[in-house]
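Trainee: got a structure for you, letters missing:
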């Protein structure tokens, strides 16, 4: 698909107001999807205004900088994609500031570090031949027995890896991340996040390597901005402004006014914008709540029932050299709360200004309002320091200081009701003209940055060139067919997925 600056005929909707002044294209949200939309619209010569409620662009992919110049990622964001259009845009923005970085990550499990991606000799050494035999037999049993339903994550993973490997490496960590049993998570999450990975492919990669990075979950190198992922979005913001667009920080959308099936006004604390078209990356729950007149009751109820997992990062600055060479370590141990540990210097040496110090991010998954979320910052820093010592990575006394960042609505949850709720919202949303939802929370889909950006690219194609892309089909790895029942017909806002996009999804993978 060509970029939008190539010669093409725009649609009749060129943004011209009746008085000749150009009405703006409004983008709600300054994360990866929103900024991508804003950049491509500005590049096409359109008047664009990006609204961002925070005081910094990037959303969950921003980079936080402390007063001494230490840079912290919120979760770690590697830049790898199989979509050439997205990759070209990354390099177009970053140029020489885009570094090629080696991936190194491990799993901390039962007091042992296992290389990930798996390496055959390491697996044999750490698990032992008897445990490997039992895992192999468990896999063989799963392979030869009838598969049965695959409605939840436990069933999906067990069918592909066997019950024993599921219990060792998936169950405990996944439940730590999501805070609910694996049986309450839909299988679509696993199908999307464990792309192309099976027992056979993992074993093949362990002993013979992942040639050509064929398995996305096992890539061994990625691109990364010199000063963290936030640099990408800051540079994209600068480019938008250089081309005449606006990115307004601390400016939330407070009301989305609809009339006769289209969005006619976007309210902010200071102004009412009358958009030519609107592209929104707001979480679906928030977006529905802002619409005026109020959405129908089934839609409001569906939106309010969508669930999200929140998380917080405790970044620790320590005396001494780097604690470990990994980019990150997955912590499967149950005796600590931390779920993953980032080593910021391994992502880029420019993240840590003092070579005599180490800087790590201790990541905790929680729900907004629970005990962990509400804990005092000093106590969180103390807990993170003690857990770092409990894992044998450093002494708590080495910690100079810590920095806590809370991230609400970080991950859309794939619980047992999410699909029906999203379809209900979509059935109401699709008929709205000149309004498109994009991005991770905008589609309630656990996208990486590349898929979030791709959804924005397709949205801009639709807005400017009326191409008719199904934005909801970006990054659809599997579609579950269900017979339509009379109950479906009782809800006029529930849309049955079309067989056309099921057959030819727009997924780049």
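Mentor: Good, I have the coordinates. The structure displayed is predicted, hence computed values, not measured ones.
Trainee: Show me the shaky parts of the stretch 351-500 of the chain.
Mentor: 475-500 (pLDDT under 70).
Trainee: Flag every buried residue along the helix or strand where residue 124 lies.
Mentor: Using DSSP states H and E, residue 124 sits within helix 120-127. For helix 120-127, burial by neighbour count (16 or more other C-beta atoms under 10 Å) applies to 122-123, 126-127. The way it works is simple: take the backbone N, C-alpha and C, and place the C-beta from them, glycine included.
Trainee: List the buried residues in stretch 151-162.
Mentor: Under the neighbour-count criterion of 16+ other C-beta under 10 Å, stretch 151-162 has 152-162 buried.
Trainee: Return the residues in contact with the nearest residue to residue 248 once chain neighbours are set aside.
Mentor: Residue nearest to residue 248 in three dimensions, not counting chain neighbours: residue 51, with 5.6 Å by C-beta to C-beta, 6 or more residues apart in numbering. Neighbour list for residue 51: 26-30, 248, 251-253, 266, 268 [criterion: C-beta atoms under 8 Å, 6 or more residues apart in numbering].
Trainee: mind checking how far residue 51 is from residue 25?
Mentor: Look at residue 51 and residue 25: by C-beta to C-beta, to the nearest Å, they are 12 Å apart.
Trainee: cool, residue 147 as well?
Mentor: As judged by C-beta to C-beta, residue 147 and residue 25 stand 47 Å apart.
Trainee: between these two, who's got more neighbours?
Mentor: With neighbours defined as other C-beta atoms under 10 Å, residue 147 and residue 25 compare such that residue 25 has more, 27 against 12.
Trainee: what's the distance between that one and residue 380?
Mentor: Residue 25 is 41 Å from residue 380, where distance means C-beta to C-beta.
Trainee: same check, this time on residue 189
Mentor: Distance, residue 189 to residue 380, by C-beta to C-beta: 28 Å.
Trainee: before we move on, back to that, point out the least confident one among the buried residues of helix 120-127.
Mentor: Of all the buried residues of helix 120-127, residue 123 carries the smallest pLDDT score, 71.
Trainee: you'd agree that residue is up against residue 114?
Mentor: Yes - using C-beta atoms under 8 Å, residue 123 is in contact with residue 114, at 6.8 Å.
Trainee: What strand or helix carries the closest residue to residue 402 other than its chain neighbours?
Mentor: Residue nearest to residue 402 in three dimensions, not counting chain neighbours: residue 381, with 3.3 Å by C-beta to C-beta, 6+ apart. Element membership for residue 381, per DSSP H and E: helix 377-390.
Trainee: residues making contact with that helix?
Mentor: Contacts to helix 377-390, defined as C-beta under 8 Å, 6+ apart, come from residues 312, 314, 316, 323, 335-338, 341, 360, 362, 364, 372, 375, 394-396, 399, 401-402, 404.
Trainee: go again using 6 Å as the cut-off
Mentor: 314, 316, 336, 338, 362, 394-396, 399, 402, 404 (C-beta atoms under 6 Å, 6 or more residues apart in numbering).
Trainee: Next secondary structure element downstream of that helix?
Mentor: Downstream of helix 377-390, the next assigned helix or strand under DSSP H and E is strand 399-412.
Trainee: list the contacts for the residue nearest to residue 156 when sequence neighbours are not counted?
Mentor: Closest residue to residue 156 apart from its sequence neighbours, by C-beta to C-beta, 6+ apart: residue 187 at 3.9 Å. For residue 187, the contact set (C-beta under 6 Å, 6+ apart) comprises 150, 152-153, 156.
Trainee: For the stretch 51-200 of the chain, which segments are assigned as strands?
Mentor: Taking DSSP state E, counting those that start in this stretch as the criterion, the stretch 51-200 of the chain contains strands spanning 63-65, 71-73, 98-102, 105-109, 112-116.
Trainee: Out of the ones you listed, which is the most enclosed?
Mentor: Highest mean neighbour count of those: strand 71-73, a mean of 24 (counted as mean count of other C-beta atoms under 10 Å).
Trainee: What are the contacting residues of the helix or strand harbouring residue 234?
Mentor: Per DSSP H and E, residue 234 falls inside helix 229-242. By C-beta under 6 Å, 6+ apart, the residues outside helix 229-242 that reach it are 35, 38-39, 42, 57-58, 61-63, 77, 93, 225, 247.
Trainee: Residue 78 contacts residue 222, correct?
Mentor: Yes - judged on C-beta atoms under 6 Å, residue 78 makes contact with residue 222 at a distance of 3.9 Å.
Trainee: Please name the residues that touch residue 290.
Mentor: Contact analysis of residue 290 by C-beta under 6 Å, 6+ apart lists 255-256.
Trainee: Contacts only, for residue 186.
Mentor: residue 414.
Trainee: switch the cut-off to 7 Å
Mentor: Contacts of residue 186 were listed using C-beta atoms under 7 Å, 6 or more residues apart in numbering, and they are 152, 414-416, 418-419.
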